[in-house]
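*Asks:* kindly return the folded structure for what I paste below:
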Amino acid sequence: MTNQDAVPVRQAATVLLVRDNPFAVLMVERHAKAFHGSAMVFPGGVVDKPDWSPDWLPYLEGAQGLADAERASRIGACRELFEEVAILLATIPAHNVNPALDFFEMIRTSGGKLRLDALHPFAHWVTPVGVPKRFDTRFYICHEPEGHDAVCDGVETVRLEWVAAATALELPLSGPRMVAFPTKLNLQRLAESASAQEAIDAARARPAFITQPVMVQTDDGPRVRIPAEAGYAVTEGLPITH
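*Replies:* All right, here's what the predicted structure looks like:
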């Protein structure tokens, strides 16, 4: 096993939160000192150990039939969405929760349940061998819930904006306000739809596929390459190097 092969692959989850009038997706700017510093990303992060706990089962809607990893990813996605932009996917009004509690206790004591069924699989990517940090990331798409206003946490994320996918595609692949290659491709996929519901319907109809890029050397330097079977219009892009 090489040192590159030994880099642990951490499970992660991210959310394309969408709304209409006009059709847009929520994106956040990472803190300059964070991983992907100053990048424009969808809200999300690493799935934590408590997200796997079976103690969650009485406090979930839509968990039936989900494998453990899928259930933990959706719980992690809900938690990250709440922590980063104050959006809560649950069967309770936002004013009935106590954000001073840890996420599990907040839901358990609220009398409500997390809405795992509000999240629809959109894509699944695994970071290639050869980069310093590797993630097994599930992307979900979800309607913006009524009665919730997105607010940046000011720690991991420093600003947010609702942006049309076509507009976000104009962001660069490197430098300030960059979008990483997987983000760019999932924005392209989102831009193929004309409304939030159309994008969700397309995601539900799409066959499951794990996109696993490989690092390749080209005349223009190192690139990542993905299989055509992943269903994206582009199959090669810049690697993530920080």
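*Asks:* strands of this protein, residue ranges please.
*Replies:* Assigned by DSSP state E, the chain shows strands spanning 9-19, 24-30, 40-41, 44-46, 60-61, 114-115, 120-126, 134-143, 157-163, 210-211, 214-218, 221-225, 236-237.
*Asks:* does Ser222 really touch Val216, like I thought?
*Replies:* Careful, residue 222 is Pro; it's not Ser. Yes - checked against C-beta atoms under 8 Å, the pair Pro222 and Val216 is within contact range at 7.2 Å. Using the backbone N, CA and C atoms, a C-beta is placed for each residue, glycine as well.
*Asks:* make JSON lines from the strands of the chain and add mean neighbour count to it.
*Replies:* Output for the strands of the chain, formatted as JSON lines (neighbours: other C-beta atoms under 10 Å):
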{"stretch": "strand 9-19", "mean neighbour count": "22"}
{"stretch": "strand 24-30", "mean neighbour count": "22"}
{"stretch": "strand 40-41", "mean neighbour count": "22"}
{"stretch": "strand 44-46", "mean neighbour count": "20"}
{"stretch": "strand 60-61", "mean neighbour count": "18"}
{"stretch": "strand 114-115", "mean neighbour count": "23"}
{"stretch": "strand 120-126", "mean neighbour count": "20"}
{"stretch": "strand 134-143", "mean neighbour count": "23"}
{"stretch": "strand 157-163", "mean neighbour count": "16"}
{"stretch": "strand 210-211", "mean neighbour count": "15"}
{"stretch": "strand 214-218", "mean neighbour count": "11"}
{"stretch": "strand 221-225", "mean neighbour count": "15"}
{"stretch": "strand 236-237", "mean neighbour count": "16"}
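*Asks:* rebuild those strands as CSV, extending it with distance to Pro176 and mean pLDDT.
*Replies:* Listed next are these as CSV, based on distance: least, C-beta to C-beta, whole Å; pLDDT from 0 to 100:
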stretch, distance to Pro176, mean pLDDT
strand 9-19, 21, 97
strand 24-30, 9, 93
strand 40-41, 9, 92
strand 44-46, 20, 95
strand 60-61, 39, 98
strand 114-115, 35, 96
strand 120-126, 23, 97
strand 134-143, 22, 96
strand 157-163, 12, 89
strand 210-211, 26, 96
strand 214-218, 25, 88
strand 221-225, 21, 87
strand 236-237, 18, 86
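*Asks:* okay, stretch 161-176 in CSV with CA atoms only?
*Replies:* Taking C-alpha atoms only, stretch 161-176 is exported to CSV below (Å, rounded to 0.1, in the frame of the first residue of the first chain):
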residue,chain,number,x,y,z
GLU,A,161,-26.2,33.6,-2.1
TRP,A,162,-29.1,32.1,-4.0
VAL,A,163,-27.7,31.8,-7.6
ALA,A,164,-28.9,30.4,-10.9
ALA,A,165,-26.9,27.3,-11.8
ALA,A,166,-26.0,28.9,-15.2
THR,A,167,-24.6,31.9,-13.4
ALA,A,168,-22.6,29.9,-10.9
LEU,A,169,-21.1,28.0,-13.8
GLU,A,170,-19.2,31.2,-14.7
LEU,A,171,-17.2,31.0,-11.5
PRO,A,172,-13.5,29.9,-12.0
LEU,A,173,-12.0,26.5,-11.2
SER,A,174,-9.2,28.1,-9.2
GLY,A,175,-8.5,31.3,-7.2
PRO,A,176,-11.0,33.3,-5.0
